[in-house]
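[1] Sharing a model that was predicted from the sequence below.
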Number of protein chains: 2
Amino acid sequence: MKKSRLQRERAEYRPKLPKGLQGAVKVKEGEPTQSVGDQEEIKKLFPNTYGMPLVEFVPGDKANSGKMNVGVILSGGQAPGGHNVICGLFDAIKRLNPDNRLYGFLMGPGGLVDHDYKELTADIIDEYRNTGGFDMIGSGRTKLEKEEQFEKGLEVIRQLDIKAIVIIGGDDSNTNACVLAEYYAAKNYGVQVIGCPKTIDGDLKNDQIETSFGFDTATKTYGELIGNIERDCNSARKYWHFVKLMGRSASHIALECALQCQPNICIISEEVEAKDMTLNQIIEQVASAVAYRAEQGKNFGVVLIPEGLIEFIPAIGRLIDELNDLLAAHGAEYKDLEADAQREYILAHLSAANAETFATLPEGVARQLSLERDPHGNVQVSLIETEKLVSDMVEAKLAEWAKEGKYVGKFAAIHHFFGYEGRCAAPSNFDADYCYALGTSAAQLIANGKTGYMAVVKNTTATTDEWKAGGVPITMMMNMERRNGEMKPVIRKALVELDGKPFKKFVEKRDEWAKETCFVYPGPIQYWGPSSVCDRTTRTLALEQE
Amino acid sequence: MKKSRLQRERAEYRPKLPKGLQGAVKVKEGEPTQSVGDQEEIKKLFPNTYGMPLVEFVPGDKANSGKMNVGVILSGGQAPGGHNVICGLFDAIKRLNPDNRLYGFLMGPGGLVDHDYKELTADIIDEYRNTGGFDMIGSGRTKLEKEEQFEKGLEVIRQLDIKAIVIIGGDDSNTNACVLAEYYAAKNYGVQVIGCPKTIDGDLKNDQIETSFGFDTATKTYGELIGNIERDCNSARKYWHFVKLMGRSASHIALECALQCQPNICIISEEVEAKDMTLNQIIEQVASAVAYRAEQGKNFGVVLIPEGLIEFIPAIGRLIDELNDLLAAHGAEYKDLEADAQREYILAHLSAANAETFATLPEGVARQLSLERDPHGNVQVSLIETEKLVSDMVEAKLAEWAKEGKYVGKFAAIHHFFGYEGRCAAPSNFDADYCYALGTSAAQLIANGKTGYMAVVKNTTATTDEWKAGGVPITMMMNMERRNGEMKPVIRKALVELDGKPFKKFVEKRDEWAKETCFVYPGPIQYWGPSSVCDRTTRTLALEQE
């Protein structure tokens, strides 16, 4: 494997650990916990992993040295730092006992079921320190949710004498980790399951999880690109750039990028939903800003659009909900129809109100909403070209206003979609340290006999020394939600809170940003150089922890 | 103007100058020069600026201290480092005489004609040191080519007591700089004109110009993104990513990115032309690699496509040439027709062979070829979605092969276009130094009474100390070419040379890259840290200067 020069130099970086994880570790346990919602139902579903205490690791005096082999799985979309979680886990179990072995299951949770694995030795681990990507063992989206999968997995677990499985994933994968933990506990198999909070989307966040790993690096990478585009925009002064940003349902990425780069407009899906805005209202809001700037002679600007927007427009949201249920129930007969017949099928089966919404959507968008779901039964929002939809509709609105004499200006749009560009970036110093600490915490949770926990690290706006590592029972973060047409226990997805500090900061500034040109150009992630540049966390985290 | 932390720290960077420019300067002149082609015609068109000697600056003992005010213009597309050219120019003329003033003409060459300018004072200059973008004074694409423009410009030049104009631009803008220099010289106005080689495209390059500024930073920015996508691709192992890269006609950017990142496939337009390849042959070549990898179980990969590709497919190139002439001659009557009528108009006016090519193109592409030209009369290739065209056609070819039993695999494509993301990036150490030296050279050319010269810096793969700064007569780089249907004197555009070392290196490796997965992940530009990472030049330059 040929390495870039940056990769070669960066391999030497030694991630910093919180004090509590630097040497021997003592476990500090809190009070029993409750789930955030639907406590009776969650408790009934998870009798063996419900109500466990929060755990914090503090400096101790004797190291646990039990023999334990561990298996690790990367689940779902890539996020910067995943390799460092594995490196932290490896180093920690080897420190506990050099005979401990780490096995990586290949291409996601499917590797456990299919007995597809490799042992991760020091040579392999060293190749991947501080690198981006999930290519060390690959990732996948197979859902672990059936007993036969759990039993099939157990065979290889027994064969490799594995004490615990670490699942590195987002909210859905951690939910499944807990289901697996509960199953193995109920069966008394003696196999522990530990989760790790991964996702660039930033939506796996709550009172216990300050941030999911990868969010820092991904948003900094997008911030670099948006800043460069803003600078181009402000130099050429003739284009409106519409930038769609990855992030699934939540608008955390868009909001963070807005706080970093101060674009003219940033749409926040959660606000659209809370204010019950129609697509037309959103378009009028954007077009008004374009028209205002045109009056000042500024026929240019930058607009950020979260990829989940379309789902959050209430009328379209209701339509998507019904479509999800419809496709989950009738997917098989629907799937083989031609495009036109699919449209007819949908119109015939939808309720009147939703059929009307569906019929009035631009055809391309309607089509995209009726395509295949992801494995969790959700619309694949990243396939919908919302950035073009919005700019086309803004252009049409401006043309209308021009006829009425309400707008004079030139409008030329350029489109961008950033997602894949940041998911596999090499982790920032923050993510490199954070992930390594998460991996180390996971090892300690295992060594201390825990199962159904997620590794966490808190106090992350302090210096690394002062970070607090530990574990949180996964059930504590659960409630019941409708998925694929059924009520399921899931980790509550964190959307942008409209009374949270990051959003409030944005609201305070956005009128000025729309009218003036207040662009900020963050530049590329730096690994060496002034700490003010290299070690800064996200604006979101800084504001939330203020 | 709120600055990012990187920008604040980076403002402190002091660009390094070649020895010849560090103190007082002596001029070393070579033999009289000839143009690279059409010598009689060029000499006749440029009687006052033809045949001048090459100039090199070496350490001297007395500084020129004449009073000289200077005007500066940014022309055409943005390129990283433009601000540093201006900073170098400013510092140098102030060193020569603190009373010297620098005026920036606003929004491109139009600022000279419209008398739209601002004085660039130390306060302004300090705001923009080592920053990307052209926002200090803006840029534009107005062509300076008419006498009335030259005379109008002269008024403000006289008014501000300006001795010389520095035009920072690409091949076309430097050609026009020379036309202006010749005009002022012929009229004995005593106004000098100096050019500077700017363009991310890398196509302003010849025996005298080693590289145009901005190429280094832009390709490193694209390299970062392509590397991140490769890593994502190699982690998810389920997508083919088709990446179109800016660069106008030439494939220098695509080739440099290929050398940096080792993608599976990179199409080089110049090779397509030289081998007289059809679109179908290109598609078969890509589809063959996809099919080969599918046999190995690798249904993923990365393909780089230069934005100019479509023009270089000979049949399409001939069509575009005739379309350019047709639209230049009949643009007025054609422009106001409806889309369908435009298509009919074109089919009726084209020669039989080209009409047939036009008729067989996918409709969207045909439409894009018939749209408005840029100010130089060229097709706006960046508007053509070549990346989708290629991947759609590859998909269709694979479907055909699957029916014939020649291909078994899954093909899912994701598209990207990188251009605006890199044009305004903050300059790398190389571009920061290189641009600052170019600006300093421009000041010395002026102080030494030169006109019709371009500032150059050579020996750029050595340490900065050993770089050789000087000037080259612009006529030396000219020949006659057809533009907008007329023969014009222009600087010869540098395309990728198929017998040059960068292309040969690529050819040597590409089969391996197509079959294996040899991705390299360059990571983001670093400004601090190991010199092997921060100060490395492009692979193109390193190979060419080997």
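    Structure received. Residues are numbered from 1 along each chain as shown, chains lettered A, B, ... in the order given.
[2] Would you mind checking which helix or strand in chain A has the lowest mean pLDDT?
    Within chain A, no helix or strand scores below helix A:363-369, which has a mean of 77 by mean pLDDT, DSSP states H and E.
[3] Output that one as CSV, restricted to C-alpha atoms.
    Written as CSV, here are the backbone C-alpha positions of helix A:363-369 (Å, rounded to 0.1, in the frame of the first residue of the first chain):
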residue,chain,number,x,y,z
GLU,A,363,-42.0,14.7,-11.4
GLY,A,364,-38.3,14.0,-10.7
VAL,A,365,-38.8,14.6,-7.0
ALA,A,366,-41.9,12.5,-6.9
ARG,A,367,-40.0,9.7,-8.6
GLN,A,368,-37.1,9.9,-6.2
LEU,A,369,-39.5,9.7,-3.3
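[4] Check the offset of the next helix or strand after it from the chain's centre.
    Per DSSP states H and E, helix A:363-369 leads on to helix A:386-403 as the next helix or strand towards the C-terminus. Computed by Cα atoms, centre = their mean, to the nearest Å, the chain-centroid distance of helix A:386-403 equals 31 Å.
[5] quick one: contacts of helix A:386-403?
    A:240, A:242-244, A:267, A:279, A:282-284, A:286-287, A:290-291, A:303, A:305, A:307, A:309-310, A:362, A:364-365, A:407-409, A:411, A:413, A:415-417 (Cβ atoms under 8 Å, 6 or more residues apart in numbering or on different chains). From N, CA and C alone the C-beta is placed, and that goes for glycine too.
[6] where does the stretch 251-400 of chain A have low pLDDT?
    Regions of the stretch 251-400 of chain A meeting the criterion pLDDT under 70 cover residues A:372, A:375-377, A:381-382.
[7] Show me which residues of it sit near chain B.
    Selection of the stretch 251-400 of chain A residues close to chain B by Cβ under 8 Å from any Cβ of the partner chain yields A:260, A:262.
[8] try it again with 6 Å
    Residues of the stretch 251-400 of chain A found near chain B (Cβ under 6 Å from any Cβ of the partner chain): none.
[9] now the strands for the stretch 251-400 of chain A?
    If you assign secondary structure with DSSP state E, counting those that start in this stretch, the strands in the stretch 251-400 of chain A sit at A:265-266, A:301-306.
[10] who touches the residue in the stretch 251-400 of chain A positioned nearest to chain B in this structure?
    Per Cβ to the nearest Cβ, A:Gln262 is where the stretch 251-400 of chain A lies closest to chain B, at 7.1 Å. By Cβ atoms under 6 Å, 6 or more residues apart in numbering or on different chains, the residues touching A:Gln262 are A:513, A:518-520.
[11] mind running it again at 8 Å?
    Applying Cβ under 8 Å, 6+ apart to A:Gln262 gives the contacts A:509, A:513, A:518-520, B:2.
[12] Could you list the domains of chain A?
    What the TED database lists as the domains of chain A is A:53-214+A:427-480, A:217-307+A:384-422+A:497-524, A:313-380.
[13] now the helices for the stretch 201-350 of chain A?
    A:215-236, A:252-261, A:269-274, A:279-295, A:309-312, A:314-335, A:339-349 (DSSP state H, counting those that start in this stretch).
[14] residue ranges with poor pLDDT in chain A?
    Those would be A:64, A:372, A:375-377, A:381-382, if you go by pLDDT under 70 across chain A.
[15] follow-up on the earlier one: turn the strands of the stretch 251-400 of chain A into TSV, including mean neighbour count.
    Listed next are those as TSV, based on neighbours: other Cβ atoms under 10 Å in any protein chain shown:
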stretch	mean neighbour count
strand A:265-266	24
strand A:301-306	27
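[16] want to try TSV for those, with distance to A:Ser251 as columns?
    Shown next, in TSV, are the strands of the stretch 251-400 of chain A (distance: least, Cβ to Cβ, whole Å):
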stretch	distance to A:Ser251
strand A:265-266	8
strand A:301-306	4
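[17] Tell me how many other residues crowd the residue in the stretch 301-450 of chain A that chain B sits nearest to.
    At 3.7 Å from chain B, A:Cys424 is the closest residue in the stretch 301-450 of chain A, using Cβ to the nearest Cβ. As a burial measure, A:Cys424 scores 32 neighbours (other Cβ atoms under 10 Å in any protein chain shown).
[18] now the end-to-end length of stretch A:10-29.
    By Cα to Cα, to the nearest Å, the extent of stretch A:10-29 from end to end equals 37 Å.
[19] quick one: is that stretch near chain B?
    Yes - contact of stretch A:10-29 with chain B is found when judged by Cβ under 8 Å from any Cβ, involving A:Arg10.
[20] Any buried residues in that stretch, and which?
    Across stretch A:10-29, burial judged by 16 or more other Cβ atoms under 10 Å in any protein chain shown covers A:10, A:13, A:15-21, A:25, A:27.
[21] which one among those gets closest to chain B?
    Distance to chain B across the buried residues of stretch A:10-29 (Cβ to the nearest Cβ) is lowest for A:Arg10, with 7.3 Å.
[22] which residue packs closest to that closest one, ignoring adjacent ones?
    Spatial nearest neighbour of A:Arg10, chain neighbours left out: A:Asn130 (5.0 Å); criterion: Cβ to Cβ, 6 or more residues apart in numbering or on different chains.
[23] Can you tell me the element that neighbour falls in?
    Using DSSP H and E, A:Asn130 sits in no helix or strand.
[24] In contact with it, which residues?
    By Cβ under 8 Å, 6+ apart, the residues touching A:Asn130 are A:10-11, A:13, A:15, A:83-84, A:426-427, A:432.
[25] just the helices in the stretch 351-500 of chain A please.
    Under DSSP H, counting those that start in this stretch, the stretch 351-500 of chain A gives helices at A:352-360, A:363-369, A:386-403, A:420-423, A:429-447.
[26] That's all I had, so thanks and see you.
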